[in-house]
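Chemist: how would this look folded up:
(one chain, ligands or ions: 2)
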Amino acid sequence: MSAPFLDTFARPINYLRVSVTDRCNLRCVYCMPAAGIPLLGHAEILSYEEISRIVRVAGERGIHKVRLTGGEPLTRLGLTDLVGLIAALPEIDDISMTTNGLLLSRYAARLAAAGLSRVNVSLDTLRPERFRAMTRLGELEKVWEGVEAAEAAGLVPLKFNVVVLRGFNDDEVVDLAGLTLAQERHIRFIEVMPLGHSDLWSKDGFVPMREVQSSIERDLGPLEQVGHDDPVVGNGPARYWRLPGARGTIGFISPVSDHFCSGCNRLRLTADGRLRPCLLSDQEIDLRGPLRAGVSDEALAALIAQAVVCKPERHRLVEGLSAPGREMSQIGG
Ligand code: SAM
Ligand code: SF4
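Modeler: Numbers count the residues shown, from 1 in each chain. Ligands and ions are numbered 1, 2, ... in the order given. The predicted model follows:
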């Protein structure tokens, strides 16, 4: 396997998050305006062949892990075909997906058969009426059907992503943490980030992860740190803990209060073919134009290397600088 790209700060870059669509069947309050966003046209979005070519060239230069995201990835027709194309690339040893779970019961078995390894499901609340309020459209029951189908298909370890918002679900973190007790289900609590239109952050929607951890420990007892050798830990941004005797783990992702940029290992590809070195910076490198103009693999690899070189040392949220002009659903969270 080829050695990973190293960026200017000696971070190995071996992970690509691919947004396959900017469309979504939900309108989560922290992610999208109620009216949705202006959507890309069909011709503006990379085809599956274009995506898999980028992944192949990146894979030959050291990218080994790919995550499919969006928008809602399962709203794009034929997603299993893309999973199959990526799974056939020898350099890629891990393909995962982040989904809101609504369509998962329909596709889980086919995705697993095509080569998907596991899924992260976004689940901010256990209460149906609250779920509808936070997503503006969603039916919680459908998400649970999706979770069960994913587990039955072997898309594990299954992780839940929970964005904690004051006044919406901050009173539920203990109940959500309890999901890790009886079954091997993992929860990752996430600090809300100020992206795109989202004004919740500045309006005190923000809840720091240390507050979430304190609430859980106050009600359920002290958490035990999970060692780096545990397979669930990986090399992502979460710090993992476990309730005594629990089968699953609890992760905390604190991009705002305690950024993890020194361990950042990723690039992001937007649905319209821009390579984004940092989620929280608007700098992007266009791959779609060169791809459609007949770029060679070598020149494509050079563009990917350029994105690696451009990765900033860290984001500047604590200094009050939140660049993104794009919504999270347009970048692929
Ligand atoms: N639609 C899929 C889903 O919701 O899982 C995938 C795309 S979504 C943009 C990816 C992740 O980003 C989700 O777990 C979501 O909760 C998270 N997210 C969206 N907006 C966010 C924000 N402003 N701050 C922190 N996380 C956010
Ligand atoms: Fe859609 Fe995911 Fe954004 Fe919610 S977080 S609006 S499900 S893209």
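Chemist: how about Ala182, nearest residue that isn't a chain neighbour?
Modeler: Arg247 (6.7 Å; C-beta to C-beta, 6 or more residues apart in numbering). Quick note: C-beta positions are derived from backbone N, CA and C, even for glycine.
Chemist: ok, which stretches of the protein are helices?
Modeler: Remark: helices assigned in the chain by DSSP state H are 48-60, 79-87, 104-114, 128-135, 140-152, 173-177, 179-182, 209-220, 288-292, 297-309, 328-331.
Chemist: what's the second one packed up against?
Modeler: Judged by 3 or more C-beta pairs under 8 Å, 6 or more residues apart in numbering; DSSP states H and E, the packing partners of helix 79-87 are helix 48-60, strand 65-69, strand 94-99, helix 104-114.
Chemist: winner for burial among these?
Modeler: Greatest average neighbour count among those goes to strand 65-69 (a mean of 24), per mean count of other C-beta atoms under 10 Å.
Chemist: tell me the angle it makes with helix 48-60.
Modeler: Here strand 65-69 runs at an angle of 150 degrees relative to helix 48-60 (axes from the mean of the first three to the mean of the last three C-alpha atoms, to 10 degrees).
Chemist: assess the claim that Thr135 and Arg27 are in contact.
Modeler: Yes - using C-beta atoms under 8 Å, Thr135 is in contact with Arg27, at 6.7 Å.
Chemist: tell me the residue of the stretch 151-300 of the chain that sits nearest ligand 2?
Modeler: Nearest to ligand 2, among the residues of the stretch 151-300 of the chain, is Val163, at 7.7 Å (C-beta to the nearest ligand atom).
Chemist: circling back: quick one, which of the helices of the chain is nearest to Pro4?
Modeler: Taking C-beta to C-beta, helix 297-309 is the member of the helices of the chain nearest to Pro4, at 9.3 Å.
Chemist: export that closest one to PDB, keeping only CA atoms.
Modeler: Extracted C-alpha coordinates of helix 297-309, given in PDB (Å, rounded to 0.1, in the frame of the first residue of the first chain):
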ATOM      1  CA  ASP A 297      -4.100  10.700 -13.700                       C
ATOM      2  CA  GLU A 298      -0.700  12.400 -12.900                       C
ATOM      3  CA  ALA A 299      -2.200  15.900 -13.200                       C
ATOM      4  CA  LEU A 300      -5.200  14.800 -11.100                       C
ATOM      5  CA  ALA A 301      -2.900  13.500  -8.500                       C
ATOM      6  CA  ALA A 302      -1.000  16.800  -8.500                       C
ATOM      7  CA  LEU A 303      -4.300  18.600  -7.800                       C
ATOM      8  CA  ILE A 304      -5.000  16.300  -4.900                       C
ATOM      9  CA  ALA A 305      -1.500  16.900  -3.600                       C
ATOM     10  CA  GLN A 306      -2.100  20.600  -3.900                       C
ATOM     11  CA  ALA A 307      -5.100  20.300  -1.600                       C
ATOM     12  CA  VAL A 308      -3.000  18.400   0.900                       C
ATOM     13  CA  VAL A 309      -0.400  21.200   0.800                       C
END
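Chemist: buried ones in that helix?
Modeler: Within helix 297-309, the residues that qualify as buried are 300-301, 303-304, 307-308, counting by 16 or more other C-beta atoms under 10 Å.
Chemist: cool, and stretch 32-42?
Modeler: Neighbour-count burial for stretch 32-42 flags 32, 37, 39-40 (criterion: 16+ other C-beta under 10 Å).
Chemist: before we move on, the earlier item: can you list the helices and strands packed on helix 79-87 in CSV and add mean pLDDT?
Modeler: Output for the helices and strands packed on helix 79-87, formatted as CSV (pLDDT from 0 to 100):
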stretch, mean pLDDT
helix 48-60, 97
strand 65-69, 97
strand 94-99, 98
helix 104-114, 98
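Chemist: quick one, which of these is nearest to Gly263?
Modeler: So among those, strand 65-69 is nearest, using C-beta to C-beta, at 14.1 Å.
Chemist: do that closest one and ligand 2 meet at all?
Modeler: No - for a cut-off given as C-beta under 6 Å from any ligand atom, strand 65-69 has no contacts with ligand 2; the smallest distance is 8.0 Å.
Chemist: from the contact counts, what lies against that strand?
Modeler: Judged by 3+ C-beta pairs under 8 Å, 6+ apart, the packing partners of strand 65-69 are strand 15-19, helix 79-87, strand 94-99.
Chemist: reformat these as TSV; add distance to Leu46.
Modeler: Formatted as TSV, the helices and strands packed on strand 65-69 follow (distance: least, C-beta to C-beta, whole Å):
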stretch	distance to Leu46
strand 15-19	9
helix 79-87	10
strand 94-99	17
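Chemist: in CSV, list the ones you listed along with distance to ligand 1.
Modeler: Formatted as CSV, the helices and strands packed on strand 65-69 follow (distance: least, C-beta to the nearest ligand atom, whole Å):
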stretch, distance to ligand 1
strand 15-19, 8
helix 79-87, 12
strand 94-99, 4
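Chemist: what's the closest of the ones you listed to ligand 2?
Modeler: Set against ligand 2 and scored by C-beta to the nearest ligand atom, the helices and strands packed on strand 65-69 come closest in strand 94-99, at 7.8 Å.
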